[in-house]
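A.B. asks: Below are the sequence and a predicted model for it; my questions follow.
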Amino acid sequence: MTLRLIHVGLGGWGGDWARTAIPAVDAVEVVAIADPSEPTLRAVQEHLGLREDQTFPNLTAALAGVEADAVVITAPAVTHAPLALEALEAGKHVIVEKPFATSVEDAATVSRRAAELGLVVQVSQNYRNYPAPREAQRLLAEGAVGELAGISIDFRQWDNDRPFADHPHYRFPHPLIHDMAIHHFDLLRKVTGQEAVRVYTKVKDPSYSKYVEEASALMTIEMADGLLVSYRGSWLSRGEPTPWAGEWRITGEDGELSFTSRGGGHLPHPADEDRVSLRGADGTVEEIALPEQELYGRSAGLALFAEAIANGTAPETAGAANLGSLALMEAATRSAASGQVEEVRLP
């Protein structure tokens, strides 16, 4: 059965969802779109070939105007929790862009309400849906490098050329920690199977940064078993750009596992830059063959969302399962402000 979707929030990344991510999934159908910007709404309507009676200025109107099974939320992060609660109260399943909410408490409220109503809430942590982190998770679980000794993660991009007035990213709340590092935090939990317990963050941007809030950060993250993680991320790096999932080195007693993932939309194939390698104790390096996938990224997550609803199961990135990623993001933000080590607080 086709899952009928209302899609709310069509600007920027939401518009890309509408044009590329959702149409790739055969199991879903967009029955309505909603956005307060009339030009944005009409541009997506025209691209999708939707009727006038399938377009709405907000979610409330869309819920009243069409029959649907689920809501896709790609509006700004501050609206995620209230929109998700509105959709749930209307009896709709929800898939929401990351970050799940702007606070762990708000996210927990949404997750609890979904459980009470027997509905699915899934967070689109799309970086999980690529072969390299999945293979890294499998290899670590099998003990491919033995007892772990440390993890280093590097993310490097340059995004500082456009005029300030023309680039909304400069004004995003916490554009490094909330908009990008949340992906890496979530992958960290995935590949290690552990929760973070403490984090220390330092932020200090150069004078030429056009960002209102942090564009770069250094972090030390402590995992539940004491494993230490070094994280370096920057939107202001003139170094060799990394793929969006960053460059990972996971060192253990018996060797080192390296991986990188999600090269971006410019590639002929979505996983062309996915790599996993194992360096043995004798120094030999083995490149690991990665499986093909039918769908990647957001499209793969949306297909898993539809599958979970059809089967009555909980998806991998269900709201309740995503709280640890959001809690680490929140703690990293607190640490940047306090200058102190901060505990990762789960509800």
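C.D. replies: Cool, got the structure.

A.B. asks: any idea how far the residue nearest in space to the middle of the chain lies from Ala300?
C.D. replies: The chain has Gln125 as the residue nearest its centroid, 3.3 Å off, counting by Cα atoms, centre = their mean. The gap separating Gln125 from Ala300 is 11 Å, by Cβ to Cβ, to the nearest Å. The way it works is simple: take the backbone N, C-alpha and C, and place the C-beta from them, glycine included.

A.B. asks: Now do the buried residues in stretch 123-143.
C.D. replies: Going by neighbour count (16 or more other Cβ atoms under 10 Å), the buried part of stretch 123-143 is 123-137, 139-140.

A.B. asks: didn't the residue nearest to the centre of the chain look like it was pressed against Ser325?
C.D. replies: Yes. Contact criterion Cβ atoms under 8 Å: Gln125 and Ser325 qualify, at 6.9 Å.

A.B. asks: what's the lowest-mean-pLDDT helix or strand in the chain packed up against?
C.D. replies: Lowest mean confidence among the helices and strands of the chain (mean pLDDT, DSSP states H and E): helix 13-16, at a mean of 94. Where contact means 3 or more Cβ pairs under 8 Å, 6 or more residues apart in numbering; DSSP states H and E, helix 13-16 is packed against helix 38-48.

A.B. asks: For Val110, grab the count of nearby residues.
C.D. replies: Taking other Cβ atoms under 10 Å as the criterion, the count of residues near Val110 is 26.

A.B. asks: check contacts around it.
C.D. replies: Neighbouring residues of Val110 by Cβ atoms under 8 Å, 6 or more residues apart in numbering: 81, 84-85, 88, 94, 100-101, 121, 319.

A.B. asks: one more time with 7 Å
C.D. replies: 81, 84-85, 101, 121, 319 (Cβ atoms under 7 Å, 6 or more residues apart in numbering).

A.B. asks: With just CA atoms, put the helix or strand it falls within into CSV.
C.D. replies: Assessed by DSSP states H and E, Val110 sits inside helix 104-117. C-alpha atoms of helix 104-117 as CSV (Å, rounded to 0.1, in the frame of the first residue of the first chain):
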residue,chain,number,x,y,z
VAL,A,104,16.3,16.8,24.3
GLU,A,105,13.3,17.4,26.5
ASP,A,106,11.2,18.5,23.5
ALA,A,107,12.3,15.4,21.6
ALA,A,108,11.5,13.2,24.5
THR,A,109,8.0,14.7,24.7
VAL,A,110,7.4,14.0,21.0
SER,A,111,8.8,10.4,21.4
ARG,A,112,6.6,9.7,24.4
ARG,A,113,3.5,11.0,22.7
ALA,A,114,4.2,8.9,19.6
ALA,A,115,4.5,5.8,21.8
GLU,A,116,1.2,6.6,23.6
LEU,A,117,-0.6,7.0,20.2
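
A.B. asks: Tell me which helix or strand comes right after it.
C.D. replies: Counting by DSSP H and E, the next helix or strand C-terminal to helix 104-117 is strand 121-124.

A.B. asks: need the next SSE after that next one, C-terminal direction.
C.D. replies: Tracing the chain past strand 121-124, the next element assigned as helix or strand by DSSP H and E is helix 131-141.

A.B. asks: roughly how far out does the following helix or strand past that next one sit from the chain middle?
C.D. replies: Next helix or strand after helix 131-141 toward the C-terminus (DSSP H and E): strand 148-156. Computed by Cα atoms, centre = their mean, to the nearest Å, the chain-centroid distance of strand 148-156 equals 18 Å.

A.B. asks: for strand 148-156, packing partners?
C.D. replies: Packed against strand 148-156, as judged by 3 or more Cβ pairs under 7 Å, 6 or more residues apart in numbering; DSSP states H and E, are the following elements: strand 228-234, strand 247-252.

A.B. asks: go again using 8 Å as the cut-off
C.D. replies: Checking 3+ Cβ pairs under 8 Å, 6+ apart, strand 148-156 ends up next to helix 182-192, strand 228-234, strand 247-252.

A.B. asks: What pLDDT does the model give the residue nearest to Arg238 when sequence neighbours are not counted?
C.D. replies: With Cβ to Cβ, 6 or more residues apart in numbering as the criterion, Arg238 has its nearest non-adjacent residue at 6.1 Å, and that residue is Trp158. At Trp158, the pLDDT value in this model is 98.

A.B. asks: Pop out the phi and psi values for Glu240.
C.D. replies: Backbone dihedrals for Glu240, given as degrees, to the nearest 10, come out at phi -60, psi 120.
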